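Asks: Sequence first, predicted model second:
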Amino acid sequence: MACEKEDDATKNEQAKELITGFVIIDPDNNPIQDIGEPNEQHFTGGSVAVSSYPNPTMNVITVSVSSSTPSKMSVWLTFAQLDQSLKTTTYYMPPAGTPGTVAQEFAADMDVAGNVSFDVNITALPPGPYRLYFKMGQELAWRNVIIKRQ
């Protein structure tokens with residue numbers, strides 16, 4: 001029984017990191033096209049907006065945050081998995097690591113007020129699907145990111 005519960009927990013964690021789609025975004029932060037059905041989470045209430053670009057990316061992700069009230073934010077990247085429905089796209093690739101495992105942390109309790117942008121070097125990470133998380137207070141948002149170098 002314990003093994004079944006452990007297996008269920010692993011399946012639930014992997015399902016949480018399952019990417020059913022993502023948005024292609026150019027280097028100027030302009031959305032170009034949806035691939036599949038993006039299952040991204042946005043902050044509620046409209047007081048905080050986050051974006052990351054370009055997507056797919058090769059070596060650097062630019063993260064932009066706009067907050068109407070001063071807050072603290074944490075930002076990190078986890079390994080994810082692309083849904084089988086994306087297998088016929090040119091973007092499909094297997095996970096670069098165990099889905100749900102933190103691949104890189106960028107900021108912990110970073111002060112955010114107004115508009116903030118910063119670049120994150122991701123050259124040390126292998127190509128693959130990732131989920132970029134943003135946490136403010138108890139609220140969590142995320143974007144689906146693809147690192148592709150071919």
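Replies: Happy to help now that I have it.

Asks: Which residues does residue 136 form beta bridges with?
Replies: Here residue 136 sits in beta bridges with residue 73, residue 139, as judged by DSSP bridges.

Asks: Would you point out the helix or strand in this structure whose mean pLDDT is lowest?
Replies: Across the helices and strands of the chain, the lowest-confidence element by mean pLDDT, DSSP states H and E is helix 2-16, at a mean of 44.

Asks: Check which element follows it along the chain.
Replies: strand 18-19 (DSSP states H and E).

Asks: tell me the mean pLDDT over that next one?
Replies: Averaging pLDDT along strand 18-19 yields 95.

Asks: name the helices or strands packed onto it?
Replies: Packing partners of strand 18-19 (3 or more CB pairs under 8 Å, 6 or more residues apart in numbering; DSSP states H and E): strand 81-82. Any C-beta I mention is one placed from the backbone N, CA and C, and that applies to glycine too.

Asks: Let me know the next secondary structure element after the strand it packs on.
Replies: Reading on from strand 81-82 to the C-terminus, the next helix or strand found by DSSP H and E is strand 102-121.

Asks: For that next one, buried residues please.
Replies: Applying a neighbour-count criterion of 16 or more other CB atoms under 10 Å, one finds 103-104, 106-107, 112, 116, 120 buried in strand 102-121.

Asks: In TSV, list those residues along with distance to residue 139 and pLDDT.
Replies: Output for the buried residues of strand 102-121, formatted as TSV (distance: CB to CB, whole Å; pLDDT from 0 to 100):
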residue	distance to residue 139	pLDDT
103	22	95
104	21	94
106	18	88
107	16	85
112	13	87
116	17	89
120	21	92
